[in-house]
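Asks: kindly return the folded structure for what I paste below:
(one chain, ligands or ions: 1)
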Amino acid sequence: MAPLIAARGVEKHFPVTRKFSEVLRGERPINRAVDGIDLTIGEGETVGLLGESGCGKTTTGRLLLKLTQPTGGTIQFAGEDLNQVKGPALKRFRQQAQLVFQNPFDALNPRFTIFRALREPLLNAGIPETEHADRMWTAMRRVRLPDVDAYYDRYPHQLSGGQLQRVVLARALVLEPRFLVADEPVSMLDVSVRAGILNVMRDVHATMGLTAVYISHDFALVRYVCARTVVMYLGKIVEDGPSAEVVERPQHPYTKALVQAVPVPDVNQSRAPLPIKGSLSQAQAPQGGCRFRDRCPYAFERCASEEPLMREIVPGHKAACHLL
Ligand code: SF4
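Replies: Residues are numbered from 1 along each chain as shown. Predicted structure coming up:
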């Protein structure tokens, strides 16, 4: 599979608001949201980016879409270095790479009809007007809102959450992109409509051959929609492999803990939770060594002094842990 995206050593560090004592000591704390990731995504591949809130997955998605500038490293899209892309090339990239927002209730302008919301990206991209109707109709059919006339003159507040998220997806598809990032695309929706949206997403990949990154903390969603799963912890990738393989044979202790936290749909069965300590909100990236060591039940001496590197466990499945 030819790579569409190749990220090398990508970093995004933010300065953190300093406490008074830190100002006095002349310290400048840094949030290493993304801290040197390598990620190659093939054309047509669907990748789930998984981890707890604060692990850096949303920042990674924004970096891949050039919505924020990296503080280090390079990202290539179809062979072009995104750090260097500007002017007409940037406009082309914006058409080819789209974002689906987490909250469909905020994603659409409440004063725009659905017709206007769908047409706006076409106008902004300079698509000839003769193509607009056809593209909008195709996008609405792709998200399974085939009764197009029933939606065009309605406003967002007149639609249900599920219908709104389909319109948000249709708006992303109307430009016929090559690459899509969906940030927690169903987390704001009622459980009863999630399955419908996920089925639409699977169909869209199958019919359009779209390359996509799904950002989620939900293993079940990622496994259902994505062929490949990448797990992040405190700004680093700690595991990467085929979704079924990662769920059934997780290798990294952090991934094992995430898998064991997934509810089992059988009251007679339960999984013993892996005893990881604390939560990510309390975790600080420790200097040197493995950044999971403060929470890892298997940590040993080497984990504090040497950072584990990603290594292939079986073909296509990699993880970063000294025990592997
Ligand atoms: Fe745990 Fe050490 Fe492996 Fe990190 S390298 S996950 S601390 S055993």
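
Asks: how about the residues of the protein by the ligand?
Replies: Proximity of the chain to the ligand (C-beta under 6 Å from any ligand atom) is limited to residues 253, 290, 292-293, 296, 298-299, 303, 308, 321-323. (Each C-beta comes from the backbone N, C-alpha and C, glycine too.)

Asks: which stretches of the chain form strands?
Replies: 3-15, 30-42, 46-50, 72-77, 80-81, 97-100, 179-183, 211-216, 228-233, 236-242, 311-314, 317-319 (DSSP state E).

Asks: reformat these as TSV; add mean pLDDT.
Replies: TSV is the format used below for those (pLDDT from 0 to 100):
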stretch	mean pLDDT
strand 3-15	91
strand 30-42	90
strand 46-50	94
strand 72-77	94
strand 80-81	92
strand 97-100	91
strand 179-183	92
strand 211-216	92
strand 228-233	95
strand 236-242	95
strand 311-314	92
strand 317-319	96
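
Asks: now render those as CSV, adding mean neighbour count.
Replies: As requested, those are exported to CSV (neighbours: other C-beta atoms under 10 Å):
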stretch, mean neighbour count
strand 3-15, 17
strand 30-42, 19
strand 46-50, 25
strand 72-77, 18
strand 80-81, 12
strand 97-100, 22
strand 179-183, 24
strand 211-216, 25
strand 228-233, 26
strand 236-242, 24
strand 311-314, 13
strand 317-319, 21
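
Asks: returning to what we had before: buried subset of the residues of the chain next to the ligand, written for ChimeraX?
Replies: Listed next is the ChimeraX selection for buried residues among the residues of the chain next to the ligand, using 16 or more other C-beta atoms under 10 Å:
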select :253,290,292,293,296,299,303,308,321,322
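
Asks: identify, from the residues of the chain next to the ligand, the entry nearest to Ala78.
Replies: For those, the closest approach to Ala78 (C-beta to C-beta) belongs to Pro308, at 31.9 Å.

Asks: would you confirm that the closest one contacts Cys290?
Replies: Yes: judged on C-beta atoms under 8 Å, Pro308 makes contact with Cys290 at a distance of 5.3 Å.

Asks: hey, what's in contact with both of these two?
Replies: 320-322 (C-beta atoms under 8 Å, 6 or more residues apart in numbering).

Asks: closest one to Asp106 out of the residues you listed, please.
Replies: Looking across the shared contacts of Pro308 and Cys290 and measuring by C-beta to C-beta, the closest to Asp106 is Ala320, at 35.6 Å.

Asks: which stretches of the stretch 151-300 of the chain have low pLDDT?
Replies: Where the stretch 151-300 of the chain drops to pLDDT under 70, the residues are 188-189, 262-286.

Asks: would you confirm that Thr207 contacts Arg142?
Replies: Yes: contact status for Thr207 versus Arg142: in contact at 6.9 Å, counting by C-beta under 8 Å.

Asks: turn the shared contacts of Pro308 and Cys290 into CSV, columns for pLDDT.
Replies: Output for these, formatted as CSV (pLDDT from 0 to 100):
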residue, pLDDT
Ala320, 96
Cys321, 96
His322, 95
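
Asks: what's the neighbour count on Val204?
Replies: Val204: 22 surrounding residues under other C-beta atoms under 10 Å.

Asks: so how far is Asp38 from it?
Replies: 27 Å (C-beta to C-beta, to the nearest Å).

Asks: which helix runs longest in this protein?
Replies: helix 191-208 (DSSP state H).

Asks: against the ligand, how distant is Ala139?
Replies: 43 Å (C-beta to the nearest ligand atom, to the nearest Å).

Asks: tally up the residues packed near that residue, please.
Replies: Applying other C-beta under 10 Å, I find that Ala139 has 25 neighbouring residues.

Asks: for Leu99, give me its contacts.
Replies: Counted by C-beta under 8 Å, 6+ apart, Leu99 has contacts 61, 65, 67, 172, 180-183.

Asks: go again with 6 Å.
Replies: With contacts defined as C-beta atoms under 6 Å, 6 or more residues apart in numbering, Leu99 is in contact with 65, 181.

Asks: swap in the one 5 residues further on?
Replies: If a contact means C-beta under 6 Å, 6+ apart, then Pro104 has 164-165, 168 as its contacts.

Asks: and it, what's its pLDDT?
Replies: For Pro104, the model assigns a pLDDT of 74.

Asks: roughly how far apart are it and Asp134?
Replies: Distance from Pro104 to Asp134, by C-beta to C-beta: 24 Å.

Asks: with Lys86 instead?
Replies: For Lys86, the distance to Asp134 - C-beta to C-beta - is 31 Å.

Asks: likewise Met201?
Replies: Taken as C-beta to C-beta, the span from Met201 to Asp134 is 22 Å.

Asks: what do you get for Ala89?
Replies: Taking C-beta to C-beta, one finds Ala89 at 26 Å from Asp134.

Asks: alright, I will stop here.
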